[in-house]
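Chemist: Make a model of this:
(chains A, B and C)
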Amino acid sequence: MPELPEVEVTRRGLLEQLPGRTVTAVSWSAHRLRSAIPHQLLREEIAGQQIRTVDRRAKYLLVRMASGAVLVIHLGMTGKLGVIERQTAPHKHDHLLLELDNGLDLRFNDSRRFGVVLVWLAEKAAQCEENFSLKEGLEPFGDDFTAKTLHALAQHRRIPVKALLMTSRLIAGIGNIYANEILFAARIHPLTPANQLPPAAWRLVVKETRRILQQAIDAGGSTISDFLGASGHPGYFQLQLAVYGRKDSPCLRCGQPIVKTTLAGRATFHCPACQHG
DNA sequence: CAATATACCTGGATGC
DNA sequence: TGCATCCAGGTATATT
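Modeler: This next block holds a predicted model:
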């Protein structure tokens, strides 16, 4: 589910519910996620504390407590995070539950358990966040996400441009769906070696990345907003995908059938007629 | 160092 | 209906 737009939509939903609330109790499942759930830190740093705000860095949500401690959550492939009524029956694969002082719960559900829950101690949070942020790539809506920076980043890399867009240490927030969509919009063939793209192509990548991610955020992301219960959105939103999942369907620009291939192990869709290397 | 393969999980779709 | 197989929006780690 979650690439940058879905994580951002989740954040905005949580922002309507969490700031000012106090966490009255915390509980967790017996399973480990990508890493073990930090029980002790949840008890010591999160339980009893007031939530100040919720930020996002890359595909991670940062729930900031008034104390300075930070609860970090990554949704992995199947993670869902939402504020719901306490009497709602537990779902299979619920892994973290924060009881709030207004009778609602924040619940994290993740069937595949590729998600992550971390806690940064109040006293160490600033240092933890700095170290963490250094390992994450450019924010697509950040000031340094420019054609010049991307062009420089690509200079010594022959990696296919699609794989580069998805390398989270270099560029944050773009997963398989949006990488496909961005390259279709920019008319760039996904296999093009990154170092062969001229500055003009990177200018297009910057422009289309921002346009598509923003459009997806505005549309409520692709799936999860129904779970938030915050914004009053019913169901979930269907994103208008131009290539992803459209194998053999006509290209929306030229009518040629969309081709599906595998690139770096991921399903890759492109129009052979209007995306060039 | 750069690029790819693999591993971590469950569940839904597909095909026999 | 049952069962095997494949595939899925992510990313850390191992391997070439």
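
Chemist: Going by C-alpha atoms from here, please, whenever you check contacts or count neighbours.
Modeler: Noted.

Chemist: Verify the contact between residue A:96 and residue A:113 for me.
Modeler: No. Using Cα atoms under 8 Å, residue A:96 is not in contact with residue A:113, being 11.6 Å away.

Chemist: Would you map the helices across the stretch 1-150 of chain A?
Modeler: Ranges of helices in the stretch 1-150 of chain A, per DSSP state H, counting those that start in this stretch, are A:4-15, A:39-41, A:125-134, A:147-154.

Chemist: Now do the helix or strand just after the last one: which elements does it pack against?
Modeler: Think helix A:147-154. Counting by DSSP states H and E, the next helix or strand C-terminal to helix A:147-154 is helix A:161-165. In terms of contacts (3 or more Cα pairs under 8 Å, 6 or more residues apart in numbering; DSSP states H and E), helix A:161-165 is packed against helix A:176-185.

Chemist: Pull stretch A:165-183 out as PDB, backbone CA atoms only.
Modeler: Taking Å, rounded to 0.1, in the frame of the first residue of the first chain, the C-alpha atoms of stretch A:165-183 are listed here in PDB:
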ATOM      1  CA  LEU A 165      13.900   6.400  -8.400                       C
ATOM      2  CA  MET A 166      13.100   3.500  -6.000                       C
ATOM      3  CA  THR A 167      16.500   3.500  -4.100                       C
ATOM      4  CA  SER A 168      15.300   5.000  -0.800                       C
ATOM      5  CA  ARG A 169      18.700   5.900   0.400                       C
ATOM      6  CA  LEU A 170      19.000   8.300  -2.500                       C
ATOM      7  CA  ILE A 171      15.400   9.400  -3.200                       C
ATOM      8  CA  ALA A 172      12.700   8.900  -0.500                       C
ATOM      9  CA  GLY A 173       9.100   8.000  -0.900                       C
ATOM     10  CA  ILE A 174       8.900   6.600  -4.400                       C
ATOM     11  CA  GLY A 175       7.900   2.900  -4.600                       C
ATOM     12  CA  ASN A 176       7.000   0.700  -7.500                       C
ATOM     13  CA  ILE A 177       3.600   2.100  -8.500                       C
ATOM     14  CA  TYR A 178       4.700   5.800  -8.600                       C
ATOM     15  CA  ALA A 179       8.100   5.000 -10.200                       C
ATOM     16  CA  ASN A 180       6.100   3.500 -13.100                       C
ATOM     17  CA  GLU A 181       3.700   6.400 -13.300                       C
ATOM     18  CA  ILE A 182       6.400   9.100 -13.100                       C
ATOM     19  CA  LEU A 183       8.500   7.600 -15.900                       C
END
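
Chemist: Tell me if it is near DNA strand B.
Modeler: No. Stretch A:165-183 does not reach DNA strand B (Cα under 7 Å from any atom of the strand); its nearest approach is 8.1 Å.

Chemist: Check stretch A:147-164 too.
Modeler: Yes. Using Cα under 7 Å from any atom of the strand, a contact is recorded between stretch A:147-164 and DNA strand B, made by A:156, A:157, A:158, A:159, A:160, A:163.

Chemist: Sort out which residues of that stretch are buried, please.
Modeler: Buried residues in stretch A:147-164, defined by neighbour count with 16 or more other Cα atoms under 10 Å: A:147, A:150, A:151, A:154, A:159, A:160, A:161, A:162, A:163, A:164.

Chemist: Grab the nearest non-local neighbour of the last one.
Modeler: Meaning residue A:164. Once flanking residues are discounted, residue A:164 sits nearest to residue A:194: 7.1 Å by Cα to Cα, 6 or more residues apart in numbering.
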